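Colleague: got a predicted model here, sequence first, then my questions.
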Amino acid sequence: MTIQWFPGHMTRAKRQIEEKLKLIDVVFELIDSRIPQSSRNPMVDEIVGSKPRLVLLNKADLADPGRTAEWTAWFRALGHEAHAIDANSGAGVKEIPAKARELMRAKIERQLAKGMKPRPVRALIVGIPNVGKSTLINRLAGRSAAATGDRPGVTKGQQWIRTGSDLELLDTPGILWPKFEDPNAGSLLAATGAIKEEVLHIDEVACFTLQILAADYGDVLRDRYGLAHLPERLPDMQSAAEVLEAIGRRRGCLAGGGHVDFEKAAGVLLRDLRSGKLGRLTLESPIPVTVNGADANETR
Ligand code: G4P
């Protein structure tokens, strides 16, 4: 379901998550392993505050495993425990309860020292639409439990899902809005299917994606689309459009007069990307940079 996020929706979504935060011990921040930076909500740090957080890099089955390892290390360097999962197949999901307990270890040990029996750790999943929140809730619950639907501002009675171990999960996730202000993030969200491509120009999304793919996964493009002369660097949209044109010609995406239909060609490329036909790819990499002599982490 596509939703338009207006400032009122964002305020309400933020307030609802803040209400839920009062009930829980640990936040599971769900992001897309293919675009770990662009699939984060821009205000997530402010919203989550000091609650212990486990960053879950979902859809790891579609992402480049080497890059996922780099990103996991990057989040840990920022002080967030991070873990890669595939909520669809369940890979990595069974480790989540132990990781959540680990984040609460000091508190649990204090309770045990006082002779108290620790209660189950309570968690909330937060993330932007389509990142896999409902899939993960169902996977953790072991049944079809999660209410789906991405409507900001819709509240239901809060219910806890017992996951069979000592973890309890709020049955409704916190729905956060995606990044809008950064056009590159918008393109990556559209390329991976997190936001509907109608919102943006699909051929521009495809060209931006091609610039990244040519640099990082050139051989994949060369092999799949027979692009023997693909350069490593596509410095501008014009050079990317030429590659898109070559893909369109190769794939028979023609409009009248033998011209390539760029939208069709873009559709072919993006469908191949989303369905995994181009292999396991990650479109963002963490790059450590130094700012004013101090280490900082930035992405490109
Ligand atoms: P949401 O609640 O955060 O909005 O996301 P939801 O669980 O509905 O998942 C969105 C889509 O992402 C679903 O596909 C789901 O199957 C897919 N998905 C979730 N987790 C994973 C994962 O780990 N790996 C892969 N490959 N896919 C995952 P869908 O409903 O079929 O939509 P679509 O595939 O037609 O876009």
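Modeller: Arrived safely. Numbers count the residues shown, from 1 in each chain.
Colleague: buried residues, stretch 262-271. List them.
Modeller: The neighbour-count check on stretch 262-271 (16 or more other C-beta atoms under 10 Å) flags 262, 264-270 as buried. C-beta coordinates here come from the backbone N, C-alpha and C atoms, glycine included.
Colleague: mind putting those residues in TSV, distance to the ligand, pLDDT and secondary structure included?
Modeller: Formatted as TSV, those follow (distance: C-beta to the nearest ligand atom, whole Å; pLDDT from 0 to 100; DSSP: H, G, I helix; E, B strand; the rest coil):
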residue	distance to the ligand	pLDDT	secondary structure
Phe262	23	97	helix
Lys264	20	97	helix
Ala265	21	98	helix
Ala266	17	97	helix
Gly267	15	96	helix
Val268	17	97	helix
Leu269	17	98	helix
Leu270	12	97	helix
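Colleague: closest one of those to Trp160?
Modeller: Leu270 (38.6 Å; C-beta to C-beta).
Colleague: the closest one is in contact with Asp203, isn't it?
Modeller: No: the pair Leu270 / Asp203 is not scored as a contact, 10.1 Å apart, by C-beta atoms under 8 Å.
Colleague: coming back round to it: which one of the buried residues of stretch 262-271 is nearest Gly218?
Modeller: Of all the buried residues of stretch 262-271, Leu269 has the smallest distance to Gly218: 14.1 Å, by C-beta to C-beta.
Colleague: so the closest one versus Leu213, what's the distance?
Modeller: Applying C-beta to C-beta, to the nearest Å, the value for Leu269 to Leu213 is 9 Å.
Colleague: mind listing the helices for this protein?
Modeller: For the chain, helices defined by DSSP state H occupy the ranges 7-21, 44-48, 65-77, 96-103, 105-113, 133-141, 183-191, 202-225, 237-250, 262-274.
Colleague: quickly, which of the ones you listed bottoms out on average pLDDT?
Modeller: Confidence, taken as mean pLDDT, is least for helix 105-113 of the helices of the chain (a mean of 90).
Colleague: for that helix, buried residues please.
Modeller: Ile108.
Colleague: and what of stretch 129-148?
Modeller: Residues 129-141, 146 are the ones in stretch 129-148 that count as buried (16+ other C-beta under 10 Å).
Colleague: which of those residues come close to the ligand?
Modeller: Checked against the ligand using C-beta under 6 Å from any ligand atom, these yield the following neighbours: 129-135.
Colleague: from those, which two are the most distant?
Modeller: Farthest apart among these by C-beta to C-beta are Pro129 and Thr135. That separation is 12.4 Å.
Colleague: quick one: contacts of stretch 256-265?
Modeller: The contact list for stretch 256-265 (C-beta atoms under 8 Å, 6 or more residues apart in numbering) reads 202-203, 206, 241, 244-245, 247-249, 251, 253-255.
Colleague: quick one: contacts for the residue at minimal distance from the centre of the chain?
Modeller: Centroid check for the chain by C-alpha atoms, centre = their mean gives Asp32 as the closest residue, at 2.0 Å. Contact analysis of Asp32 by C-beta under 8 Å, 6+ apart lists 38-39, 57-59, 131-132, 192, 194.
Colleague: check Pro235 too.
Modeller: Neighbouring residues of Pro235 by C-beta under 8 Å, 6+ apart: there are none.
Colleague: returning to that earlier point: tell me the one of the buried residues of stretch 129-148 nearest Ala91?
Modeller: Comparing those against Ala91 with C-beta to C-beta places Arg139 closest, at 9.9 Å.
Colleague: name the residues of the chain found near the ligand, please.
Modeller: Residues of the chain that fall close to the ligand, judged by C-beta under 6 Å from any ligand atom: 58-59, 61-62, 86-88, 127, 129-135, 148, 150, 193.
Colleague: tell me the bridge partners for the closest residue to Lys20 other than its chain neighbours.
Modeller: Spatial nearest neighbour of Lys20, chain neighbours left out: Leu124 (5.2 Å); criterion: C-beta to C-beta, 6 or more residues apart in numbering. When assigned by DSSP bridges, Leu124 has beta-bridge partners Val27.
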